[in-house]
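**Student:** Provided below are the primary sequence and the corresponding predicted coordinates.
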Amino acid sequence: MLVLASSSPRRREILSRFISDFEVVPSNVDEVYSGKPEECAVELARKKAQEVHSRVGGTVIGADTVVSVDGKILGKPKDEREAYEMLKLLSGKVHRVTTGYCIVHGGREITGAVTTEVKFRELDDELIWAYIKTGEPMDKAGAYGIQGLGGLLVEWIKGDYYNVVGFPMEIIWKLRELGFRVLSR
């Protein structure tokens with residue numbers, strides 16, 4: 001049994017493109033960030049995978065995505081004002097999107113992290129507030145979703161696009177190496 005330890009519809013959708021047979025069991029782990037982005041993302045992914053594995057067993061995938069700029073981690077905004085502050089901070093800058101992952105399989109943990117650089121366009125207040133009013137930023141790290149309307153804010157990316165969405169291809173590849181059938185329907 002393959003289990004995705006996440007309530008993210010984006011992670012579920014990406015995994016379902018490659019593997020059709022899995023269950024979704026959200027973790028009960030609070031997302032609290034401290035330390036370096038990569039370490040935080042991997043540690044939270046481990047906690048999520050371990051917590052779900054302790055309840056349901058099987059092979060469990062935990063993932064956590066953080067956005068960081070100038071050494072500061074940007075989680076999910078608490079309200080519209082915080083979303084505005086995050087988007088204003090990202091405006092015109094290169095930031096890093098890091099997804100840590102943990103696969104609990106056969107009594108062992110396989111962990112890693114993938115980082116993608118993202119450059120935002122210069123954003124004016126009118127565009128920032130218009131984007132916030134769509135509601136899209138409110139459940140996403142860094143207050144934007146590249147796969148949706150937030151794609152307009154992005155000038156370029158360097159690295160794995162799926163990582164910016166929250167589920168890098170490295171996870172799919174690791175599952176393939178563990179014997180899970182990908183690309184089969």
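**Tutor:** Sure thing, it's come through.

**Student:** what ranges do the strands span in this protein?
**Tutor:** Secondary structure of the chain by DSSP state E: the strands cover 2-4, 23-24, 59-69, 72-74, 94-105, 108-120, 154-158.

**Student:** If you count contacts, what does the last one end up packed against?
**Tutor:** Taking 3 or more C-beta pairs under 8 Å, 6 or more residues apart in numbering; DSSP states H and E as contact, the helices and strands that strand 154-158 lies on are strand 108-120. C-beta: built from backbone N, CA, C; applies to glycine.

**Student:** nearest to residue 50, of the strands of the chain?
**Tutor:** Of all the strands of the chain, it is strand 94-105 that lies closest to residue 50, at 6.5 Å by C-beta to C-beta.

**Student:** what angle sits between that closest one and strand 59-69?
**Tutor:** 170 degrees (axes from the mean of the first three to the mean of the last three C-alpha atoms, to 10 degrees).

**Student:** what about strand 94-105, distance to the chain center?
**Tutor:** 7 Å (C-alpha atoms, centre = their mean, to the nearest Å).

**Student:** Can you list the buried residues in it?
**Tutor:** Buried residues in strand 94-105, counted by 16 or more other C-beta atoms under 10 Å: 95, 96, 97, 98, 99, 100, 101, 102, 103, 104, 105.

**Student:** hmm, back to that, any idea which of the strands of the chain gets closest to residue 180?
**Tutor:** Taking C-beta to C-beta, strand 2-4 is the member of these nearest to residue 180, at 6.4 Å.

**Student:** Any idea how far the closest one is from the middle of the chain?
**Tutor:** 16 Å.

**Student:** what do you get for stretch 156-172?
**Tutor:** When C-alpha coordinates are averaged (C-alpha atoms, centre = their mean), stretch 156-172 and its chain have centres 9 Å apart.

**Student:** so for that stretch, what's the average pLDDT?
**Tutor:** For stretch 156-172, the mean pLDDT works out to 97.

**Student:** Please identify the most buried of the strands of the chain.
**Tutor:** strand 59-69 (a mean of 25; mean count of other C-beta atoms under 10 Å).

**Student:** That strand to strand 108-120, inter-axis angle?
**Tutor:** Going by the same axes, to 10 degrees, strand 59-69 makes 30 degrees with strand 108-120.

**Student:** for strand 59-69, packing partners?
**Tutor:** Strand 59-69 sits against strand 2-4, helix 37-56, strand 72-74, helix 80-90, strand 94-105, helix 169-177, with contacts defined as 3+ C-beta pairs under 8 Å, 6+ apart.
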